[in-house]
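Undergrad: next comes the sequence, and after it the predicted model I'd like to discuss.
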Amino acid sequence: MKFIKEFKEFAVKGNMIDMAVGIIIGMAFGKIVSSLVNDVIMPPLGMLIGGVDFTDLKVMLKAAGIDEAGNAVEAVTLNYGTFVQTAIDFLIIALIVFMMVKGINSLKKKEEAAPAPPPAPTKEELLLTEIRDLLKK
């Protein structure tokens with residue numbers, strides 16, 4: 001019973017909810033970056049290279065054929081073009097996350113560097129100030 005109670009406390013804490021929202025947004029962001037790479041960046045890059053579609057870049061290890069039993073055997077290929085696209089996806093996501101963390105850190109530094117306002121005078125200080133002013137008169 002203690003385990004269930006501890007799990008319930010853990011699950012309803014704000015940090016758990018924030019983490020879940022972050023993961024969901026991260027997954028959606030990954031899809032956006034994949035689309036950016038696949039649909040916007042790679043086609044012009046392939047055109048510059050000579051009309052190459054990166055998903056078609058592969059090395060044939062074994063050609064397709066028919067085995068002794070008459071069953072079709074698929075080709076074995078090394079799909080390095082897909083790897084290149086995935087690597088570019090990763091680099092873009094890593095760059096954006098780096099820029100976000102750097103921006104957040106610079107905002108934190110600005111908050112830390114901003115001087116704190118002086119504390120309000122206490123009642124004793126106010127009373128002593130009034131006494132001083134009365135003595136000056």
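TA: Yes, it's here.
Undergrad: element containing the most centrally placed residue in the chain, please.
TA: Note on the chain: the residue nearest the mean C-alpha position is Val97, at 4.5 Å, using CA atoms, centre = their mean. For Val97, the element it lies in under DSSP states H and E is helix 80-113.
Undergrad: right, and the helix or strand after that helix?
TA: Past helix 80-113, the next helix or strand by DSSP H and E is helix 123-136.
Undergrad: rewinding a little: tell me the contacts of the residue nearest to the centre of the chain?
TA: Contacts for Val97 (CB atoms under 8 Å, 6 or more residues apart in numbering) come out as none. (C-beta placed from N, C-alpha, C; glycine too.)
Undergrad: ok, Asp89 next?
TA: 30, 33-34, 37.
Undergrad: got a ChimeraX select line for the buried ones in these?
TA: Here is the ChimeraX command that selects the buried residues among the contacts of Asp89 (16 or more other CB atoms under 10 Å):
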select :33,34,37
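Undergrad: low pLDDT regions in this structure?
TA: For the chain, applying pLDDT under 70 flags the ranges 14, 114.
Undergrad: what's the burial count for Leu45?
TA: By other CB atoms under 10 Å, the residues close to Leu45 number 15.
Undergrad: show me what the helix or strand where it lies is in contact with.
TA: Per DSSP H and E: Leu45 is located in helix 42-49. Here helix 42-49 makes contact (CB under 8 Å, 6+ apart) with 52-54, 85, 88.
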